[in-house]
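Colleague: any chance you can model this:
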Amino acid sequence: MLMRSIKKFEKIVFTFLVFVLVSYIIVEIVELVYQFGASIISGSNTDGRLLISNALLKEVLPVFFNILIAIELIDTFSVYVQRHSIKVLNILLIGLIAIGRKLIAYDFGDTDGITSLGLAALIISLAGGYYLIKKNDFD
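Modeller: Numbering: from 1, shown residues only. Take a look at the predicted model:
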C-alpha cells in the first residue's frame, strides 16, 4: 500500500516537472525566435557580420543550449520513471551541454588562470567519462 502511494506520488511529481520543463522550453523557443528576429530586423551590426552580431550571438546560443538541456532532462526523467534507473551517459551529456553553454557566454578576459584550469579539468572529466561509457557500449 505504501509503495503504491509512493509510486503514485512519484508519477505526480514527474508529471509536474515535465509540465514545467515543457513550459520552459516553449518560453525559451519564443525568446529564441524573438531575439533572432529582432536582430535581423534591426540590422545594427557593427562587427562586420551580415545578419547577427557577435554580442547577440552570445545571447542567442545559450538560449538554444537551455532548450537542449531541458529536453535531455525530460528524457532522463522519463527513463527514471519507466525503469527506476538513471543513465549516467545522459547525466554526462547534460553536463557537457551545460559547460558548452557556459563557454559560449564566458568572458575569458576577466578570469584568472586557476579558474580556467578548473574549467578545463571539468571539461576533460566530463568528456573522459562520456568516452569511457560510450566505449563500453561498443565493446
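Colleague: my guess is Y80 meets N90, correct?
Modeller: No - counting by Cβ atoms under 8 Å, N90 is not a contact partner of Y80; they are 9.6 Å apart. Any C-beta I mention is one placed from the backbone N, CA and C, and that applies to glycine too.
Colleague: please enumerate the helices of this structure.
Modeller: Counting by DSSP state H, residue ranges of the helices within the chain are 2-42, 54-83, 88-105, 113-138.
Colleague: can you list the weak-confidence ranges in the protein?
Modeller: 43-53, 138-139 (pLDDT under 70).
Colleague: and for the residue nearest to the spatial centre of it, nearest residue in space, chain neighbours not counted?
Modeller: Nearest to the mean C-alpha position of the chain, by Cα atoms, centre = their mean, lies I69 at 2.6 Å. Among residues not flanking I69 along the chain, I97 sits closest, at 5.3 Å (Cβ to Cβ, 6 or more residues apart in numbering).
Colleague: give me every residue that touches the closest residue to L17 other than its chain neighbours.
Modeller: Leaving aside its chain neighbours, L17 sits nearest to F77 (6.1 Å; criterion: Cβ to Cβ, 6+ apart). By Cβ atoms under 8 Å, 6 or more residues apart in numbering, the contact set of F77 is 14, 17-18, 21.
Colleague: good, we can wrap up now.
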